[in-house]
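J.: 3D, please:
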Amino acid sequence: MEETEDSNGNKRYNGKARSLKGRRTSPQKHHQYQYQYQYQYQHQLLQYSNQYGIYDQNQYRRYYPALLPLPPPILLPLQLALTPPLPSNHGFRSKTRLQKPSCRQNNLPLAASSDTHLISNATISSEGFQKQSTLPLKGEDGRKFTGGRAGQALAAARRPDSGGVEGSVISLLANHFLVQFDSSQRIFHYNVEISPNPSKEVARMIKNKLVECNSVVLSGAIPAYDGHKNLYSPVEFQNDKLELFISLPIPTSKPSLPYGEVNGFQENHQQLKLFRVNIRLVSKLEGKELSNYLNKEGDDWTPLPQDYLQALDVVLREGPIEKCIPVGRSLYSSSMGGTQEIGGGAVGLRGFFQSLRPTQQGLALNVDFSVTAFHESIGVIPYLQKRLEFLRDLPQRKTRGLIGHERKEVEKALKNIRIFVCHRETVQRYRVYGLTEEATEYLWFADRDGKNLRLISYFKDHYNYDVQYRNLPCLQISRSKPCYLPMELCMICEGQKFLGKLSDDQTARILKMGCQRPKERKAIIDGVMQGSVGPTSGTQGEEFKLHISREMTRLEGRVLQPPKLKLGDGGHIRDLIPSRHDRQWNFMDSHVFEGTRIERWALISFGGNAEQKSNIPKFINQLCQRCEQLGIFLNKSTIISPQFEPTQVLNNVSLLESKLKRIQRVASNNLQLLICIMERRHKGYADLKRIAETSVGVVSQCCLYQNLAKLNSQFLANLALKINAKVGGCTVALYNSLPSQIPRLLQSDEPIIFMGADVTHPHPLDDVSPSVAAVVGSMNWPAANKYLSRMRSQKHRQEIIQDLGAMVGELLDDFQQAVGKLPKRIIFFRDGVSETQFYKVLQEELQDIKAACSSRYPDSKPPITFAVVQKRHHTRLFPFKVDPSFTHNQISDENILPGTVVDTVITHPREFDFYLCSHWGVKGTSRPTHYHILWDESQFTSDELQKLVYNLCYTYVRCTKPVSLVPPAYYAHLAAYRGRLYLDRSESTSYSRSSISTFSRAAPPKTTPLPKLTENIKKLMFYC
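T.: The predicted structure follows:
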């Protein structure tokens, strides 16, 4: 009854014997198959019986006691020969699944041994492996997009100069390690097909066995393998097509059994499995193309030879991946500091990130320290104890069951986790699809003879085990048929990334694990490069004639000067230059640039004890005073006396809405601000924001009672700045306007709109909710410090913005209404796009922006600059003090200064990009923001665009310091998050997943549209 899962999601059910009926096989052919497989089976057992001394058919039939019900004898046991137990010091993280032989595997050898069997085919002509050129991108009308030069395919903007020159020069180190390669080294790319389909770990075992046993056929090469279908060799194999048969001993897992031996038979066997490996030459990759690209030789518009770069990337991962747990481009190992419990059934594991990048200095390996959370490999019962608060006392209350919401929480915690069983030895791994509707006590199933068996009786009769937690449901391990496992007999497989949402405590512990000051972080990275699990630990580099430097890249950066800022006219200080090392400033003796008047406002409280509630009048008084000091008028009298509600109101959406609408009615439907004070963080926050902004039409500001206890000046100032921005004010402006700083391109009478865009996706375990896209645009010129937003929901996990043209068009109309004319230029910052999506973004989103302009600009279209903003990268910069004596060069433990910019050495060899660290890193190591300009019709110089971006970072409305991200992108991120809140509901209304009793996955639902903002909210920065 158990269902196993292979790596590509194919399923096999072991509950019933399969026949060859229905496969259009003649009786003669059927007999031939049986004879062939029986011959192979006898041959394998005879060969291995002498080695392991276990050839006994009765023992074989008892070896694998299947669960619910026992399997019948199998006549096709090609892959099930017996082998010795798993050695205690094995290095495998997870094992293969037991797989049934397929009768569709034709042309199998008549004998299958532990050695490989080779079938070689005719050599493919080398003329068949010419590399395809990159095809031009085309629009819906079939036209080729062009840019820069006439007739050229759409391509990213090229660097306009050799880099910027403004700012003071400093010495830096970057965590890029130079990789030298031989451009004459040809790499042979082979496609690998393995049947039956193995897990990644077993695929690597097959590759290692293949290399070990077929040195002559592989021309003595030790190829690099990506674990999927790609094999790269420094020399050509003897034939272009190879068919090999690998008979591989697959070790079984040997977990401790809770009750000793199973049925008195100690199962210390091993599986023998036959795999067919087809290898086919795909292409011959030339290193000269990559060398020419890096050296800027040849056509300026030649695309980066990704295939050769990918091959080298696989080569450099070959060594580390044998010793580490891969997660994306990062690799994790307990040898880098062990695991650390972070609570809730999760552990933190240290590791490193590595990626091969083309840079101006050549190929460079970007290596960085990394930390992530994994599921703790423990029993399911203790895992649930740690994960869920209401199950902490489960071992003391074994008779307890699960009520409605508890069952949903347990199912959510366990869904999609891989487990193995501990009541018997097996190599099988299962994925949890859900929980049974019934408790274990009441579960029955039909065996292969149709006889109904009680599940707890089955375990008693077959395994002499009494199920303890009878009132808990079983795990459902099949998507399409009933397959049950009691929780107490299941263990969490190790090496699984924690996909659940981390709690605040877990997040804090993970951040603490990964929070290293620059000197410590550099030491860790250097240790990786010198260590036994890093990218230099294997021998593959030598095979492919690669030399990896062990030293970080030395380079020069520049520190840009901070801009002069303009404050409000009502204060004594009206302009200032942030002179502190962290570039922070304060509002002592000064006002915000534009303060607002808030005449009609109200306060509502949720929860809180009597003492906390008694502090409300003091809070109102001090907040009004702090606002007055900042040049913001907040009426000392609320429109209605403070409303005190229990926290439970936040759980009731309709009741919450009626309370807010009542306050609005008292204010004659003209309420400007609603301050909400909560006892604690609550999931009803999402409902409150949605109701206030889409139904009631009022801006809200939330805070916690615990912050009201201190009421220090900084807290009140931060609160006042947010309130001021939300109701239409702004904090600061640039003293020297942008046109005065970049006179070549910008004029005061030719307004510019700055736009930002981002897409937020649902939680990794959510496979139905839509993604939310947001676009913001500046609405004033030349200050450019007020932004309106547009939000849309779109297809689940779609990164390309679906309605970008419509949202951009609406913002252009808003800009025209606010400024009096359409913008003469558009500068667009796109957040959250990976490098692999650059050209898709150019092809679709850039064209959507142009389409929005075409209907509004009858004559000349505005020049568009389109820049991708990346924070999720792994380049780090370290201050490097050079001693003139050259004997005491040292790394400072301070972070790089705000304004540090790098646009040489480690940046793209041809395209227009730069790293800018605009903020001061208080904790850990600063991460500079990477700006990659994909399209630039304005033709900015490096200095002009870098100064523009850095100056904008000082205009963020929520704080008095430069931020790490250019504000349009920052605001787009906040707006997209707000749209995500609109889709969230309190638990009573949000759980709409189908019951696990329906085993088939439902079709993806239609995208739920976001509720519409009220007209007054739409014109404010309500999201900040």
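J.: and stretch 972-986, what's buried?
T.: 972-976, 978-986 (16 or more other Cβ atoms under 10 Å). From N, CA and C alone the C-beta is placed, and that goes for glycine too.
J.: restrict it to CA atoms and write it as PDB.
T.: Presented in PDB, the C-alpha positions along stretch 972-986 are these (Å, rounded to 0.1, in the frame of the first residue of the first chain):
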ATOM      1  CA  ALA A 972       7.100  49.500  -4.600                       C
ATOM      2  CA  HIS A 973       8.200  46.700  -2.200                       C
ATOM      3  CA  LEU A 974       6.000  48.200   0.600                       C
ATOM      4  CA  ALA A 975       3.100  48.600  -1.700                       C
ATOM      5  CA  ALA A 976       3.300  45.100  -3.000                       C
ATOM      6  CA  TYR A 977       3.400  43.800   0.600                       C
ATOM      7  CA  ARG A 978       0.300  45.900   1.400                       C
ATOM      8  CA  GLY A 979      -1.500  44.200  -1.500                       C
ATOM      9  CA  ARG A 980      -0.400  40.800  -0.100                       C
ATOM     10  CA  LEU A 981      -2.100  41.800   3.200                       C
ATOM     11  CA  TYR A 982      -5.300  42.500   1.400                       C
ATOM     12  CA  LEU A 983      -5.400  38.900   0.200                       C
ATOM     13  CA  ASP A 984      -4.800  37.600   3.700                       C
ATOM     14  CA  ARG A 985      -7.700  36.800   6.000                       C
ATOM     15  CA  SER A 986      -8.000  35.800   9.600                       C
END
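J.: what is the neighbour count of the residue lying closest to F619 once chain neighbours are set aside?
T.: Residue nearest to F619 in three dimensions, not counting chain neighbours: L708, with 5.2 Å by Cβ to Cβ, 6 or more residues apart in numbering. By other Cβ atoms under 10 Å, the residues close to L708 number 20.
J.: remind me which helix or strand I246 belongs to.
T.: strand 241-250 (DSSP states H and E).
J.: what helices or strands is that strand leaning on?
T.: strand 117-120, helix 200-213, strand 271-285 (3 or more Cβ pairs under 8 Å, 6 or more residues apart in numbering; DSSP states H and E).
J.: which residue, other than its chain neighbours, is closest to E166?
T.: Nearest to E166 is D943, by Cβ to Cβ, 6+ apart, at 4.8 Å.
J.: can you classify N724 by secondary structure?
T.: In the three-state summary, N724 is assigned as helix, counting by DSSP: H, G, I helix; E, B strand; the rest coil.
J.: of all the helices and strands packed on strand 241-250, which one is nearest K451?
T.: If you check each of the helices and strands packed on strand 241-250 against K451 by Cβ to Cβ, strand 271-285 wins as the nearest, at 29.9 Å.
J.: quick check: pLDDT value at A111.
T.: Listed pLDDT for A111 reads 32.
J.: where's the closest residue to D903 other than its chain neighbours, which helix or strand?
T.: Nearest residue to D903, sequence neighbours excluded (Cβ to Cβ, 6+ apart): F914, at 3.8 Å. In the assignment (DSSP H and E), F914 maps to strand 912-917.
J.: still on that earlier bit, specify the beta-bridge partners of the residue nearest to D903.
T.: Y931 (DSSP bridges).
J.: any chance of the helices and strands packed on strand 241-250 in JSON lines, plus mean neighbour count, mean pLDDT and distance to L546?
T.: Below are these laid out as JSON lines (neighbours: other Cβ atoms under 10 Å; pLDDT from 0 to 100; distance: least, Cβ to Cβ, whole Å):
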{"stretch": "strand 117-120", "mean neighbour count": "16", "mean pLDDT": "42", "distance to L546": "30"}
{"stretch": "helix 200-213", "mean neighbour count": "19", "mean pLDDT": "91", "distance to L546": "19"}
{"stretch": "strand 271-285", "mean neighbour count": "21", "mean pLDDT": "92", "distance to L546": "14"}
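J.: in a markdown table: the ones you listed, plus distance to P968.
T.: Converted to a markdown table, these look like this (distance: least, Cβ to Cβ, whole Å):
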| stretch | distance to P968 |
| --- | --- |
| strand 117-120 | 60 |
| helix 200-213 | 41 |
| strand 271-285 | 41 |
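J.: wait, A972 touches T760, no?
T.: No: at 9.7 Å, A972 does not count as touching T760 under the criterion of Cβ atoms under 8 Å.
J.: got any residues that touch both of those two?
T.: A774 (Cβ atoms under 8 Å, 6 or more residues apart in numbering).
J.: thought the residue nearest to F619 was touching P617?
T.: No: between L708 and P617 there is no contact under Cβ under 8 Å: 11.3 Å.
J.: how close does the residue nearest to D903 get to A773?
T.: 26 Å (Cβ to Cβ, to the nearest Å).
J.: the two: who's more crowded?
T.: A773 (28 against 23).
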